[in-house]
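In: got a sequence here, can you model it:
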Amino acid sequence: MLENFRYTPLDSTCKCCGSRSALCGVVDFSRGGADIGAGKKVDPYSGIPIYYYRCEQCGFAFTRAFDEWTSEDFGAHTYNADYVRQDPDYTFVRPDDNARQISEIFSALSTEKILDFGSGLGLFEQQLKARGFQNVRSYDPFSQQSDESALAERYRVVFTFEVFEHHTDPHQLVKSLASLLDESGSIVFSTLLLPANISDHGIESWWYCMPRNGHISFFTPASLTLLASCNGLKAASFNEGLHIFYKSEFPNWAAHVAREFWS
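Out: Next up is the predicted model:
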């Protein structure tokens, strides 16, 4: 009888390093921020299982369920009118908090050219400018209001908050971001690192695994180091959620902040 069930491959090829990746858990597509916020299942089950794999070499975890999706597919099923219910903080709380932290910690960037990539409603730009950062632009590939001319310029820093975990192709993402940097540019990005013991408990035990929110790729220091090096960059972390890719020399504007370098 088992052969009559729909079959999902037990392993896949890592999107970061190409090594074997084994199944590490499965969640229903409906699992999102509404469930996590309530501490229980509040949205109806979709009946669509989303299987995740984890690389045996670099530790990167991912699903292939969305690899063939277009931007229209994501707009219809993920980044739609109901998204604000799944992630209410994105409308103001998170971009305002990000702007506050960046302006306090990296005040030396106030005169530099900055791009917010994956900017959502553009509030991070607005709040940074309100704090004296005047040379800031925004771009979001899922926003019809985004000005694509921003992609023709080069920046000292490209900020990208809560974007890495949403992308189906990490190499293409980093390549695109690196192309936006000037000769001394850096990418500063937020995404939670995958817990080291995730294989012991299954990825479904981790709150950050929310396919309804578009969380489909999860990184380790090893996978981020690999992505950086493939684009001529180096990697470091300010904390478990905020990281940096930079060119040959660590930037002076961040030299005062504690960080962990990865080999």
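
In: how about the strands in the stretch 1-150 of the chain?
Out: Along the stretch 1-150 of the chain, counting by DSSP state E, counting those that start in this stretch, strands occupy 11-13, 20-28, 49-55, 61-62, 114-117, 136-139.

In: I'd like to know which of those is closest to Glu183.
Out: Taking C-beta to C-beta as the criterion, strand 114-117 is the member of the strands of the stretch 1-150 of the chain that comes nearest to Glu183, at 15.5 Å. In short, each C-beta sits where N, CA and C put it, glycine included.

In: mind listing the strands the closest one pairs with, and their directions?
Out: Strands that pair with strand 114-117, judged by DSSP bridges, come out as strand 136-139 (parallel), strand 155-161 (parallel).

In: and those as JSON lines, adding distance to Ala38?
Out: Rendered in JSON lines, the data for the strands paired with strand 114-117 read as follows (distance: least, C-beta to C-beta, whole Å):
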{"stretch": "strand 136-139", "distance to Ala38": "31"}
{"stretch": "strand 155-161", "distance to Ala38": "24"}
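
In: of all those strands, which one is nearest Ser19?
Out: Going through the strands paired with strand 114-117 one by one, with C-beta to C-beta as the measure, strand 155-161 comes closest at 25.6 Å.

In: list the helices and strands the helix or strand following the closest one packs on?
Out: Once strand 155-161 ends, the next helix or strand along the chain (criterion: DSSP states H and E) is helix 170-178. In terms of contacts (3 or more C-beta pairs under 8 Å, 6 or more residues apart in numbering; DSSP states H and E), helix 170-178 is packed against strand 181-190, helix 221-229, strand 242-246.

In: show me what the second one is packed up against.
Out: Using 3+ C-beta pairs under 8 Å, 6+ apart, the elements in contact with helix 221-229 are helix 170-178, strand 234-237, strand 242-246.
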